[in-house]
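Student: got a sequence here, can you model it:
(one chain, ligands or ions: 1)
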Amino acid sequence: MPQYKLATLAIHAGQEPDPQTGAVNVPVYLTSTFQLTGIGTDRGWDYSRAGNPTRDHLETAVAALEQGAYSAHLFTTGMAAISAVFALLRAGDHLVCSRDVYAGTVRLLDQIVSGYGIEIQYVDTSDLKAVEAAIKSNTKMVYVETPSNPLMVLSDIAAIAKLAHAHGAEVCVDNTFMSPVLQSPIALGADIVVHSTTKYLNGHSDGLGGAVIGSKPEHKDRFLLVQKAAGGVMSPFECFLVLRGIKTLPLRIKQHEENGRAIAEFLSTHAKVSKLAYPGLKSHPQYELACRQQRGFGSMLSFELADRDAAGRFLAALKLFTNAESLGGVESLASHSATTTHASVSAETRAAMGITDGRVRLSIGIEDKEDLIADLEQALAVV
Ligand SMILES: Cc1ncc(COP(=O)(O)O)c(C=O)c1O
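Tutor: Down below sits the predicted model:
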């Protein structure tokens with residue numbers, strides 16, 4: 001496909017009219033198996049775990065959106081995609097992981113991946129000296145989530161890639177919070193990108209999925225093998241939902257972004273709100289890095305209320321924002337970090353990370369921003 005811009009790619013890449021019927025939407029191939037043309041010959045597909053035409057279309061679309069991609073691979077959930085990335089590691093390898101990552105990633109690493117003889121070291125990847133100090137001769141991967149959840153701490157992808165590559169290690173970035181519209185980790189130097197498509201790529205909170213995007217032919221070989229051998233592939237119907245979601249991704253992100261900025265500005269002067277984490281505010285310590293590495297600031301933010309009670313009263317009083325986990329959908333969500341995304345993290349670790357019982361995270365949707373601000377205002381009034 002020619003070098004079209006993102007909004008064009010979102011609609012056309014992988015989504016050309018069906019050559020057989022002219023259908024303008026990609027058909028959903030609800031089939032587990034395919035008729036073979038002979039012994040050992042087929043029309044390109046033999047069994048849907050190994051490959052399905054609907055999935056192929058979405059993989060083409062996702063690869064087109066993520067600058068520098070060689071191939072994209074779809075899985076049942078974001079966690080299945082992240083598991084596929086860790087399947088690149090072998091016993092005796094050392095993995096450096098951002099300390100401030102999605103708690104599900106920590107659960108996967110500590111309770112499953114570590115059992116395979118892989119050494120895991122959590123590091124504050126916003127501190128380049130700490131990253132450099134952690135990398136050793138058997139370090140094979142640096143895994144980064146930026147911005148992080150829920151504290152919106154940024155890690156410098158280009159600088160980390162330079163450090164990792166100097167030691168022969170690869171860098172994987174969880175790009176879920178930014179989506180391909182706002183951040184291109186491979187173009188910045190990373191080797192692999194993961195997304196929970198459950199979030200912005202689907203965008204409508206009606207499905208689960210994950211994507212891994214590799215930048216090299218060997219990534220493609222390995223992730224195709226993980227799909228076929230481990231089997232956690234995205235279903236054709238889920239692929240259809242994400243194909244549909246991607247068409248409006250750039251448009252949705254524009255509105256998410258506008259609403260995010262307006263709400264951050266409103267919260268930044270509210271007397272009951274403290275420690276607002278939103279990299280788009282000039283007061284954010286990493287504002288300059290956000291401007292350099294992102295094309296916007298997204299619609300995720302978090303802040304502190306006085307204590308757990310205050311957070312509870314605030315969440316109960318909201319009318320438009322729904323008290324729910326997850327993010328990246330068209331509807332606005334609010335959640336209590338300590339008892340949702342970070343419930344599996346011990347209270348001591350949460351305290352060390354700076355996630356207090358008063359911390360609330362918002363995923364700002366695409367409703368009218370004045371209505372959203374009015375909802376937050378009335379809920380803060382009862383705190
Ligand atoms: C940043 C991030 N990565 C990965 C995941 C896991 O995605 P899924 O829930 O689709 O498995 C999540 C889920 O919240 C997330 O927030």
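Student: could you list the residues of the stretch 201-350 of the chain in contact with the ligand?
Tutor: 208, 210 (Cβ under 6 Å from any ligand atom). C-beta coordinates here come from the backbone N, C-alpha and C atoms, glycine included.
Student: could you pull out the helices for the stretch 201-350 of the chain?
Tutor: When assigned using DSSP state H, counting those that start in this stretch, the helices of the stretch 201-350 of the chain occupy the ranges 217-230, 236-247, 249-268, 287-293, 308-317, 347-353.
Student: name the residues that touch the fifth one?
Tutor: Meaning helix 308-317. 272, 305, 323, 334-336, 338, 357-360, 378-383 (Cβ atoms under 8 Å, 6 or more residues apart in numbering).
Student: for whichever strand or helix holds M141, buried residues please.
Tutor: In the assignment (DSSP states H and E), M141 maps to strand 139-145. Buried residues in strand 139-145, counted by 16 or more other Cβ atoms under 10 Å: 139-145.
Student: now the element after it, going C-ward?
Tutor: helix 157-166.
Student: for that next one, name the packing helices and strands.
Tutor: helix 128-134, strand 139-145, strand 170-174, helix 185-188 (3 or more Cβ pairs under 8 Å, 6 or more residues apart in numbering; DSSP states H and E).
Student: I157: which of those is closest?
Tutor: Nearest to I157, of all these, is helix 185-188, at 4.2 Å by Cβ to Cβ.
Student: list the buried ones in that closest one?
Tutor: Those would be 185-186, 188, for helix 185-188 by 16+ other Cβ under 10 Å.
Student: does it come close to the ligand?
Tutor: No. With Cβ under 6 Å from any ligand atom as the criterion, the ligand is not reached by helix 185-188; the gap is at least 13.0 Å.
Student: go on, stretch 136-149?
Tutor: Yes. Using Cβ under 6 Å from any ligand atom, stretch 136-149 reaches the ligand at 145, 149.
Student: how far away from the center of its chain is that stretch?
Tutor: 15 Å (Cα atoms, centre = their mean, to the nearest Å).
Student: quick one: average pLDDT of it?
Tutor: Throughout stretch 136-149, pLDDT has a mean value of 97.
Student: gap between the two ends of it?
Tutor: End-to-end span of stretch 136-149 (Cα to Cα, to the nearest Å): 27 Å.
Student: at the geometric centre of this structure, which residue do we find?
Tutor: The centroid of the chain falls nearest to T176 when counting by Cα atoms, centre = their mean (1.4 Å).
Student: phi first, then psi, for the closest residue in space to G329 that isn't next to it in sequence.
Tutor: Leaving aside its sequence neighbours, G329 sits nearest to S205 (Cβ to Cβ, 6 or more residues apart in numbering; 3.6 Å). Phi and psi for S205, reported as degrees, to the nearest 10, are phi 50, psi 40.
Student: give me the nearest residue to the residue of the stretch 51-200 of the chain found nearest the ligand, chain neighbours excluded.
Tutor: In the stretch 51-200 of the chain, no residue comes nearer to the ligand than G78, which is 2.3 Å away by Cβ to the nearest ligand atom. Take G78 and drop its neighbours on the chain: the residue closest to it by Cβ to Cβ, 6+ apart is S196, 2.6 Å away.
Student: if I pick the one you found, what's in contact with it?
Tutor: Going by Cβ under 8 Å, 6+ apart, the list of residues near S196 reads 77-79, 81, 174, 176, 209-210.
Student: nearest to D221 among those?
Tutor: Looking across the contacts of S196 and measuring by Cβ to Cβ, the closest to D221 is A81, at 16.7 Å.
Student: so the closest one is in which element?
Tutor: Assigned by DSSP H and E, A81 falls in helix 78-86.
Student: buried ones in the least confident helix or strand in the chain by mean pLDDT, by neighbour count?
Tutor: Sorting the helices and strands of the chain by mean pLDDT, DSSP states H and E puts helix 347-353 at the bottom, at a mean of 84. Buried residues in helix 347-353, counted by 16+ other Cβ under 10 Å: 350, 353.
Student: circling back to that earlier point, redo the contacts of S196 as TSV? Include pLDDT.
Tutor: TSV is the format used below for the contacts of S196 (pLDDT from 0 to 100):
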residue	pLDDT
T77	98
G78	98
M79	98
A81	98
D174	98
T176	98
G209	98
G210	98
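Student: nearest to S235 among these?
Tutor: G209 (8.7 Å).
Student: that closest one and F75 touch, don't they?
Tutor: Yes. Counting by Cβ atoms under 8 Å, F75 is a contact partner of G209 at 6.9 Å.
Student: any common contacting residues for those two?
Tutor: M234.
Student: just to revisit the earlier point, quick check: the residue of the stretch 51-200 of the chain closest to the ligand vs V193, distance?
Tutor: 12 Å (Cβ to Cβ, to the nearest Å).
Student: L380 too?
Tutor: Counting by Cβ to Cβ, the gap from L380 to V193 is 36 Å.
Student: which of these two has more neighbours?
Tutor: V193 (29 against 20; other Cβ atoms under 10 Å).
Student: and that one, what are its bridge partners?
Tutor: Taking DSSP bridges as the rule, V193 bridges to V173, I213.
Student: what secondary structure does the nearest residue to F266 once chain neighbours are set aside sit in?
Tutor: Leaving aside its sequence neighbours, F266 sits nearest to I373 (Cβ to Cβ, 6+ apart; 5.0 Å). Three-state call for I373 (DSSP: H, G, I helix; E, B strand; the rest coil): helix.
Student: where does the stretch 1-150 of the chain dip in pLDDT?
Tutor: 1-2 (pLDDT under 70).
Student: any idea where the helices of it begin and end?
Tutor: Using DSSP H, counting those that start in this stretch, the helices of the stretch 1-150 of the chain run over residues 6-12, 53-65, 78-86, 103-111, 128-134.
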